[in-house]
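A.B. asks: Sequence unavailable; structure follows:
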């Protein structure tokens, strides 16, 4: 029920004033006339008048209750329904989603992820190591650092030539996401290669349990391979 309708009901109820003189005149007239010959046996006239008066009062009381209750809910079938209380919900913290199922080896490609041992209480580096036994005609490496507090990029690097890759770093879905994409026409040679993302973080011993990376590549034959790993403490 909107505010305008509640105000109209309240105004109507407050403006109503019983016509006492008219009601008293009806009572006196009923007592003077007495029971009619055509009136079936029943309560005395004054009882009927009192009952009618009580009924009128009851109607007014119900009207006042309806106006008073209008602000607390809507009426359904004569009953006042209380407004529902919204259930509380706690949003999931950023970067706390499950790490997807990953495999560290697929065909000629192998991968590993580890936090660099030179990381400290304010800064860290996450290393992605890839080893391929065949040349790759395409490669996209994506490193995701969970936003555990104060995580902010300070740079990145790779062991392969810088001119061969398009590099980006951005906040996305509760993660700091680094992405290295091999440019068209370039090739990743056979060997072991490293990709590293560097970042500040909140003071303290940061847990990397929510961090992970993926690497999607294609061999010269066109067959696609995909690997990935997390950064749990057992590395």
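C.D. replies: Looks like it came in fine. Because the structure is a prediction, the values reported are computed rather than measured.
A.B. asks: what bridges to residue 225?
C.D. replies: Beta-bridge pairing for residue 225 (DSSP bridges): residue 217.
A.B. asks: measure it to residue 202 for me?
C.D. replies: Residue 225 sits 36 Å away from residue 202, taking C-beta to C-beta, to the nearest Å as the criterion. The C-beta positions use only the backbone N, C-alpha and C, and glycine is treated the same way.
A.B. asks: Comparing these two, which residue is more hemmed in?
C.D. replies: For residue 225 and residue 202, the more surrounded residue by other C-beta atoms under 10 Å is residue 225, and the numbers stand at 19 against 11.
A.B. asks: pLDDT wise, what is the closest residue to residue 106 other than its chain neighbours at?
C.D. replies: Beyond its immediate neighbours in the sequence, the residue positioned closest to residue 106 (C-beta to C-beta, 6 or more residues apart in numbering) is residue 225, lying 4.3 Å away. Turning to residue 225, the model gives it a pLDDT of 96.
A.B. asks: Wait, residue 225 touches residue 219, no?
C.D. replies: Yes: checked against C-beta atoms under 8 Å, the pair residue 225 and residue 219 is within contact range at 6.9 Å.
A.B. asks: so what sits against both of these two?
C.D. replies: Taking C-beta atoms under 8 Å, 6 or more residues apart in numbering as the contact rule, the neighbours common to residue 225 and residue 219 are 107-108.
A.B. asks: What ranges does this protein have for its strands?
C.D. replies: Listed in chain order, the strands of the chain (DSSP state E) span 73-76, 79-82, 105-106, 109-115, 123-132, 136-146, 152-158, 165-172, 175-182, 191-200, 212-219, 224-230.
A.B. asks: The shortest one packs against which elements?
C.D. replies: Strand 105-106 is packed against strand 224-230, with contacts defined by 3 or more C-beta pairs under 8 Å, 6 or more residues apart in numbering; DSSP states H and E.
A.B. asks: the inter-axis angle of the strand it packs on versus strand 136-146?
C.D. replies: Relative orientation of strand 224-230 with respect to strand 136-146: 20 degrees, computed using axes from the mean of the first three to the mean of the last three C-alpha atoms, to 10 degrees.
A.B. asks: Give me the neighbour count for residue 113.
C.D. replies: Residue 113 is flanked by 22 other residues according to other C-beta under 10 Å.
A.B. asks: so it touches residue 141, yeah?
C.D. replies: No: in this structure residue 113 lies outside contact range of residue 141 using C-beta under 8 Å: 10.6 Å.
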